[in-house]
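Structure for this input, please:
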Amino acid sequence: MRDPKWLWLTTAVALLLGLIVALLVGCDFPPAQPTVSPGTPMGTPLPISPDLTTVPTDTTPVAGPTSEAVGTAITLTMWTTEAFSPTQTITSGRILAQAAAAFEDAAAVGRPDPTGAEPHVRLRFVLKKPYGKGGVLDYLLTTKAVVPDLLPDLVVMDVDELASAVQAGLLQPLDDLLPADLVGDLYPFARDASTLDGRLYGLQFQADLDHLVYDTGKMTIPPSSWPGVLAKPGPYIFPAGGQAGSVNDAFLMQYLAVHPWSPEGDGAEDPVEPFLEAESLTAVLQYYQDGTSRGIFPAGILNYHTTDDSWRDFLAGQAAMAHVSAHQYLTERERSHSSSAAPIPAINGAAQAINRGQVMALVASDPIRQSAAVEFMVRWMAPETNAGWNRATDNLPTRQAALPHWDAGDSYTPFIHQQLQATRPRPSIPNYARTAAALQQAVEAVLTGAATPEEAAAQAIEAELGFRPQ
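Prediction:
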């Protein structure tokens with residue numbers, strides 16, 4: 001006869017494992033449908049739980065993400081975020097739902113199973129939070145460690161988190177799976193941002209970047225470099241206040257224009273050099289000090305923490321120039337009839353924008369599932385589809401062939417094409433959190449008069465290195 005304590009322990013372990021599986025799997029969307037029943041508007045959203053990890057659906061049992069459904073059906077599971085889901089009521093949700101339905105209709109063609117039947121492929125979208133605890137990356141890491149069989153086939157995630165997923169062994173390289181013409185048509189930043197150790201691990205399908213907006217009623221030609229900024233009438237506003245104690249992209253763009261740093265270094269025996277260099281850092285901090293002392297940058301520039309702040313005050317007529325995101329400008333440009341866009345002026349010309357965006361990545365390792373998943377990725381990246389979805393969401397496409405599907409008569413179209421060609425991936429900086437915090441402290445010290453540019457630069461470098469260089 002078994003020991004009652006042993007039976008109790010076995011039952012408790014089984015219940016605990018069941019709870020873990022339930023939490024990790026979440027709930028799925030019903031399959032995308034090419035048609036909608038009468039009286040039901042396309043894209044009507046399902047109610048979403050506060051943590052965005054589960055979506056109430058019908059109670060029909062669904063196969064796990066790596067399981068096959070009844071017969072020859074293949075169910076591909078994609079972990080995604082609310083912004084990239086077919087439940088969105090706006091046009092973007094309808095475009096995704098239609099693309100998913102078209103894929104499901106055509107995905108079986110040409111892939112018969114051994115019995116001669118053609119397998120049907122359906123898509124299952126599972127919502128996750130974009131970041132943090134319970135976010136996409138966190139769930140990937142946790143699921144791989146606890147129940148790897150429940151990992152998805154595809155995942156949508158922030159391009160800046162792609163490297164962490166690759167280092168954890170979660171993603172599959174795409175080099176040998178994608179058409180060469182698709183990869184070659186990506187803007188360089190999108191290709192480079194998803195390439196690690198020489199292998200392509202993702203397809204960035206949406207982008208955003210920062211650029212200048214200026215009041216055409218106050219100036220006819222915007223400045224193209226620092227001397228022009230300091231000679232023009234102000235105010236010029238940009239996020240100098242940092243976010244959560246870390247420096248903004250506005251500063252990184254200026255610093256990288258002075259000191260074009262690469263983690264690969266110059267190919268010397270020890271190629272990894274510190275990110276911060278005293279003379280370059282001092283030059284940018286001096287620019288900040290000069291702009292403030294001349295009244296070009298307002299006294300309250302440290303109160304601007306995001307591009308939302310600078311765009312808000314530009315719309316209110318409180319600035320001649322402002323640092324904004326492309327997404328903001330596309331969303332609300334009609335609110336400012338006397339505005340135009342231009343590159344961010346840097347030390348000797350235009351600064352390179354820093355890429356932000358979302359990427360699709362392949363998790364599935366089974367060749368059949370990989371083939372089906374890649375087929376959806378390719379269909380989603382078709383120029384017209386990529387252009388339409390990004391236009392509907394006021395974001396930027398990542399394929400050069402997509403931009404001709406935008407309004408050719410809009411002056412913003414050729415401008416943003418030039419910006420996208422010059423955009424760079426976010427630099428992979430060692431100990432980035434510590435460096436970003438040190439840089440923000442330097443900016444604040446200079447703008448408040450607590451330190452000279454030289455002093456603030458030296459303090460930031462000491463903080464980055466952990467010691468004072470000799």
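
average pLDDT for the strand or helix carrying Ala442?
Assessed by DSSP states H and E, Ala442 sits inside helix 432-447. For helix 432-447, mean pLDDT is 96.

Report the residue ranges of every domain in this protein.
Partitioning the chain according to automatic domain parsing yields domains covering residues 40-201+356-422, 209-354+431-465.

can you tell me which of these the model trusts least?
Across the domains of the chain, the lowest-scoring stretch is domain 40-201+356-422, with a mean of 83.

Please report the distance of the residue most central in space within the chain from Ala240.
With distances taken as Cα atoms, centre = their mean, Gly357 lies nearest the centre of the chain, 2.4 Å away. Distance, Gly357 to Ala240, using Cβ to Cβ, to the nearest Å: 24 Å. All C-beta atoms are positioned from the backbone trio N, CA, C, and that covers glycine.

residue boundaries of the strands in the stretch 101-250 of the chain?
Counting by DSSP state E, counting those that start in this stretch, residue ranges of the strands within the stretch 101-250 of the chain are 121-127, 154-158, 195-196, 199-200, 203-208, 210-215, 236-237.

Need the residues that contact the fifth one.
Contacting residues not belonging to strand 203-208 are listed as 84, 159, 174, 178, 186-187, 189-190, 193-194, 325-327, 355-361, 377, 380-381, 386, 389-390, 393, 395-398, 420, 423 [Cβ atoms under 8 Å, 6 or more residues apart in numbering].

can you give me the angle that strand makes with strand 154-158?
30 degrees (axes from the mean of the first three to the mean of the last three Cα atoms, to 10 degrees).

chain center to strand 203-208: distance?
Put simply, strand 203-208 sits 7 Å off its chain's centre (Cα atoms, centre = their mean, to the nearest Å).

With just CA atoms, put it into PDB.
Extracted in PDB, the C-alpha atoms of strand 203-208 (Å, rounded to 0.1, in the frame of the first residue of the first chain):
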ATOM      1  CA  LEU A 203      12.500  40.100 -40.400                       C
ATOM      2  CA  GLN A 204      11.800  43.700 -39.200                       C
ATOM      3  CA  PHE A 205       8.500  44.600 -40.600                       C
ATOM      4  CA  GLN A 206       7.900  48.000 -38.900                       C
ATOM      5  CA  ALA A 207      10.200  50.900 -38.100                       C
ATOM      6  CA  ASP A 208      10.300  54.200 -36.400                       C
END
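
ok, and for it, which residues are buried?
203-208 (16 or more other Cβ atoms under 10 Å).

got it, and stretch 168-188?
170-174, 177-178, 182-183, 185-187.

returning to that earlier point: just give me the closest of the buried residues of strand 203-208 to Ser262.
Gln204 (19.8 Å; Cβ to Cβ).

Who is that closest one paired with across the strands?
Gln204 has these beta-bridge partners by DSSP bridges: Val359.

now Asp215
Bridge pairing for Asp215 - DSSP bridges - gives Ser339.

My guess is it contacts Leu315. True?
No. Asp215 is beyond contact range of Leu315, at 10.3 Å (criterion: Cβ atoms under 8 Å).

follow-up on the earlier one: adding distance to Ala373 as columns, could you present the buried residues of stretch 168-188 in CSV?
What follows is those, written out as CSV (distance: Cβ to Cβ, whole Å):
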residue, distance to Ala373
Leu170, 14
Leu171, 12
Gln172, 9
Pro173, 13
Leu174, 10
Leu177, 9
Leu178, 11
Leu182, 15
Val183, 16
Asp185, 20
Leu186, 18
Tyr187, 23
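
Among those, name the ones in helices.
Residues of the buried residues of stretch 168-188 located in helices (DSSP state H): 182-183, 185.

Give me the three-state assignment for the residue nearest to the centre of the chain.
When classified by DSSP: H, G, I helix; E, B strand; the rest coil, Gly357 comes out as strand.

got the contact list for it?
Contacts of Gly357 (Cβ under 8 Å, 6+ apart): 158-159, 190, 193, 204-208, 395-396, 398.
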